[in-house]
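Undergrad: give the three-dimensional model of this entry:
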Amino acid sequence: MNEFFRRLHNFKRGLNLRILARAFLVALLCLVVALHAYYLVWLNSPAQSPLLVWLNYFLRVLSGGLVLFLIYRAFRAFFDNRLTARWLDHQDQHEDDLYQNLFELNQQQEDENVLELLAVQAQKRLEGSKYRLPKLFGPNQWFIMLFILVGIVSVWALSWDDFRYALKQFKAVKAEAVQYKDTIEVSPGNVTLGKGQQLIIKVLNPDTRLKHRLFYRWDKEWRELVLTDYSYNFPALENTIEYYIENDVAKSPVYKAICLDEPFARNWELLYKYPSHTGLGERRDSLSYGNIEAYKHTEVILSLDTNIPVETAVMRFSDGASQAMQKAGENRFSTRLVVSSSKTWWLELTDHLGRKSKPEEKTITVIPDNVPEVRILFPGEDTLLDQSQLLPLIITASDDFGLRDLSLHYQINDKPAQSKILSSLITSKLFTLDHVFDLKPFGLLPGDTVTYWAQVHDNSPDRQSAQSAKYKARFPTVAEIYQEMERQEKLKAGELESALKQSRDLQKDFEQKRRELLKKDDIKWEDKKQLELMLDTQQQLSQQVEDVAQDYQKLIDRLQKNDAISMETMEKMQRIQELMQEISTEELHDAMSKFEQALMNLNPEDLRKAMENMKFSMEDFSKKIDQTLQLLESIKKEQALDKALQISQEMEKAQSALKDKTGNTKEDPQSLAREQENIAKKLDELQKAVEDAEKLMDPSKDKQMKQDLNQLKQDMKSGELQKQMQQSQQQLQQNQRSPSSQSQSKALEKMRQYSKRLGEMKSSMGGGSMQEVSSAMQKAIRELLIFSKQHESLRDRFGGDPYPIVNDLIAQYEGLQVSLNRLFSVPQVTMFLPPKFYMDLSDTNKGYRDIFINVSEMQYTQVPNLLENIQKGLNLMVYDLMQTLNNPSSGSGSGSGMQSLMQMLSQMSEEQMAMSILSEQLMMQLQQQGGKMDAAMQRQLQKLAADQERLTENLKRALQNNPEAQKQGNSIKQIIEEAEAVARQLRNNQLSHDLLQRQENILSRLLDAQRSINKRDQSERRQAESGDPSLRQTAADTNYEALRRKAMLEDSYRSFPPAYQQVILKYLKLLNE
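TA: Numbering: from 1, shown residues only. Below is the predicted model of the structure:
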């Protein structure tokens, strides 16, 4: 029994202790919370605030009351024995309340046995069960309490000093009297630092009881910053600032942190002193920012200012070198240097803080002193020398500053190059020199090549030089000249053949389209486009033929510079060129123009007429191309013989010169041997030329010529001449001059025989050709006379109705064409026919065609005039042929005829100019008189009309009788038509601006004709030796002073009123100026 009560008492004590511990912990937590509440208010209130006193008392009372309440409540909750026994019954699953019953029965002093029995059971149960005392708090309660406690203690720990002061004040109720520092020490105080550097402002030995604040400004307004650990960090200060620190007790002085910019240069100045050879004066530059750009050897003075005072300024160059600048002021530095090469550099500035400026790359650029330029403008290409061996050169040189020592370098074949100074002192930057390079002293032989170029230096200390492109001047052999001529003729013949084929194809298509349109009343858009395409094709063919003629003239001009082409061959080539020019006639261009105009208007009737004219013009175009091709083919025989003759004469000349050199002991025998070898090679060229000429000969027509050429070829192949030249070469190589001279004499004699035989063959061929031409002309004259007599009979039979004679006219026209085709079947005929013959032939054919067109359109009024024109044309054609037989050279013209025509045209130009001036004055007078013409003015107009008619008649006579005028037939005919129109207007007293324009056209065409004849005269002129090109003058240069004097002597001039004479004189004076 006692044991049970002992253990019951133990359980009671344990339960009550837990109640007390719970009350104590809660009371302690309340005290901590109350103290923390006081601390929070203390932090936000002044230390001497009454609020803190009242709060202190309040919290003390509240805390005391709360503790008493908790103690009281704990005592009330204590367990006694009965409650403890009851608690134990509730701890197990038995529902018999054993412990409580045992306690209550023991209190009631029941039967001892019962009590002992219950005690034994209770004892056993106590020993068999484990009873746990209740926990002080649950997990959630513990978490909340610890969370609050740890949080509050953490706040206290983080601000322990403040909490310590607050706790003291809480204990003492009143705030104790505190002694604070009355000064604030600040670091760094006044300071100077660089822009962008770090600034740390720190409170030295701070009073930790006080809150310190930082104030600063860079303008007028102060700004506050929070200090961390009594300091503040400006990581990169950009501006000068003022600052101070204060707390509740004290305030520091105002300090200044001066922020300096990084050192850099400003106000760059460059003074350039250029080297003397440039001729440039000093130049200042303040906009380059230290970038130097100058010519080599230029002295440069560099000056600069810095933004802040610096200690040193050094130029650092990219090649590792450096140059210190001299201090010229607190913020100014300068230095001088000489530009020698391009490189980079940067300026290094160091201030008193030891800071260096940021490297900013600058450049020193050497402006290139350009290498001089030299060019050979003329000839500016590889060229062939003519017999004069004078090479005209136009050399131009330029440099940016100056030139000196212009020289010409040349190399003959493989010999060492030589040079000669053309100009050593040159005063200009651009220099042009005309120089004639005379190659005669070098004794060039056909086949030699001279390579030449120009060289020049500039005036710089480096003496830069430049040379032109290298050109070659070759002294051509006869074989080379003829080879080039044959190549060009073959090329031009091929172009003409192509044009002929296209022209014939175009004629077929055109005729087909023409017949197709004859059946249509309207012309469709597709038809117009097809006709436009045909017209465009014909224009292209016409232009192509004109280009061929121009290129052929260039070939003739080049050949004229050499004596390798004979006079006869050159005249024939010139005649062929004239025929080429006459292929694309004015009639063709006029027909194309009318056809184009008809296409634009799309009038079916006008278009049919234009197509009819176009058809005949296209036929003439094809015929003339065919005749030119036949003529080109026909002269190949003469050219082949001429080529062989010229090669033979060239050999003869070279051998004769070699023979003379052999007798000169100063000449190198080895060099002479090489010349002999070159002459021997020409024999192969001669043999080939003879073979080519033989192949061109017709076996039937040229039987004798073919035999002569064959014999000459066999003679050459016998090897006698070759043997003599080889023997001479060997003797020269052995320096046996006398035997070699004998061998050369024999070879020279043989060459002379070859030249003589070839010359005889050429003369024989020329005579045979002339005989054939003469025979063809005589036959054509007889046939044309027959046609003329028949036509005269037809003309007499015409009585107003053309149909009875139409068939005879057609037969006559066809017979005329057959006769003309027979005449032109001899190609050489065209070499002798004058241009007037072609003009009359064209007029005659046009008369026939116009008759046929008028008959088809039933318009008979013009038929009598057309029959008369045909009769006139037939007679003129006979006259032209007879005149050609009597004077065979009329086809190619003569110097005297050309000169007389030039004089006549010059005189006519003077007269027309005077008439034009007088007409202008009369026009001005007519305007002043209000358009009314008085008797004196009418007399002047009638005199002008008579003068214009006289000029027209003179032109007609020249066109009829002068072969040179006939070569300008188309242009002269236009002048005649214009002059006749002007004369008619003047006869009718009609004075208008149209008349003045016509007179200007006449004068312009007269001058154009003079220029054309003058150009032809220069082209045909042959000289034995070319002169200096710089001395060349145009033979027909107009001497206006002579014209003026001549005009004053003319009767027509003296017949003008004095006022008009003064106008004429004034006009001539202006021309002379």
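Undergrad: where does the stretch 401-550 of the chain dip in pLDDT?
TA: Low-confidence segments of the stretch 401-550 of the chain (pLDDT under 70): none present.
Undergrad: and the strands in it, which stretches?
TA: In order along the chain, the stretch 401-550 of the chain carries the following strands (DSSP state E, counting those that start in this stretch): 403-412, 418-425, 430-438, 449-458, 465-467, 471-474.
Undergrad: out of these, nearest to residue 72?
TA: Across the strands of the stretch 401-550 of the chain, the minimum distance to residue 72, taken as Cβ to Cβ, is reached by strand 449-458, at 123.2 Å. For every residue, glycine as well, the C-beta is placed using N, CA and C.
Undergrad: so the closest one versus strand 403-412, what angle?
TA: Calculated by axes from the mean of the first three to the mean of the last three Cα atoms, to 10 degrees, strand 449-458 forms an angle of 170 degrees with strand 403-412.
Undergrad: tell me which other helices or strands strand 449-458 touches.
TA: Contacting strand 449-458 under the criterion 3 or more Cβ pairs under 8 Å, 6 or more residues apart in numbering; DSSP states H and E are the following elements: strand 373-378, strand 390-398, strand 403-412, strand 465-467, strand 471-474.
Undergrad: okay, the strands of the stretch 401-550 of the chain, which one's buried deepest?
TA: Burial of these is given as mean neighbour count (mean count of other Cβ atoms under 10 Å); strand 449-458 ranks first at a mean of 21.
Undergrad: that older thread, any chance of the helices and strands packed on strand 449-458 in JSON lines, with distance to residue 483 too?
TA: Supplementary listing: the helices and strands packed on strand 449-458 in JSON lines, determined by distance: least, Cβ to Cβ, whole Å:
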{"stretch": "strand 373-378", "distance to residue 483": "25"}
{"stretch": "strand 390-398", "distance to residue 483": "22"}
{"stretch": "strand 403-412", "distance to residue 483": "23"}
{"stretch": "strand 465-467", "distance to residue 483": "32"}
{"stretch": "strand 471-474", "distance to residue 483": "13"}
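Undergrad: ok, which of those comes nearest residue 856?
TA: Comparing the helices and strands packed on strand 449-458 against residue 856 with Cβ to Cβ, the closest turns out to be strand 373-378 (60.1 Å).
Undergrad: paired strands for the closest one, with orientation please.
TA: strand 390-398 (antiparallel) (DSSP bridges).
Undergrad: how far is the partner strand from where the chain is centred?
TA: 28 Å (Cα atoms, centre = their mean, to the nearest Å).
Undergrad: and for stretch 501-519?
TA: 46 Å.
Undergrad: what's the closest of the helices and strands packed on strand 449-458 to residue 668?
TA: Proximity to residue 668 (Cβ to Cβ) singles out strand 403-412 among the helices and strands packed on strand 449-458, at 14.2 Å.
Undergrad: same for that closest one, what does it pack against?
TA: The elements that strand 403-412 packs onto, with contact taken as 3+ Cβ pairs under 8 Å, 6+ apart, are strand 390-398, strand 418-425, strand 430-438, strand 449-458.
Undergrad: walk me through the domains of the chain.
TA: The record's domain parsing of the chain by automatic domain parsing lists 2-172, 185-260, 265-367, 373-475, 477-634, 638-766, 895-958+993-1022+1036-1072.
Undergrad: can I get these in CSV including distance to residue 970?
TA: CSV is the format used below for those (distance: least, Cβ to Cβ, whole Å):
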stretch, distance to residue 970
domain 2-172, 123
domain 185-260, 92
domain 265-367, 60
domain 373-475, 34
domain 477-634, 4
domain 638-766, 30
domain 895-958+993-1022+1036-1072, 10
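Undergrad: and these: which comes nearest residue 827?
TA: Closest approach to residue 827 among those is made by domain 477-634 (3.8 Å; Cβ to Cβ).
Undergrad: returning to what we had before: closest one to residue 308 among the helices and strands packed on strand 403-412?
TA: Among the helices and strands packed on strand 403-412, the nearest to residue 308 by Cβ to Cβ is strand 449-458 (47.0 Å).
Undergrad: now the closest one - C-alpha only, PDB.
TA: Written as PDB, here are the backbone C-alpha positions of strand 449-458 (Å, rounded to 0.1, in the frame of the first residue of the first chain):
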ATOM      1  CA  THR A 449      63.300  46.700-136.800                       C
ATOM      2  CA  VAL A 450      63.900  49.600-134.500                       C
ATOM      3  CA  THR A 451      62.400  49.400-131.000                       C
ATOM      4  CA  TYR A 452      62.100  52.800-129.400                       C
ATOM      5  CA  TRP A 453      60.700  54.300-126.200                       C
ATOM      6  CA  ALA A 454      61.000  57.600-124.200                       C
ATOM      7  CA  GLN A 455      62.200  58.100-120.700                       C
ATOM      8  CA  VAL A 456      62.000  61.100-118.400                       C
ATOM      9  CA  HIS A 457      63.000  61.900-114.800                       C
ATOM     10  CA  ASP A 458      61.200  64.200-112.300                       C
END
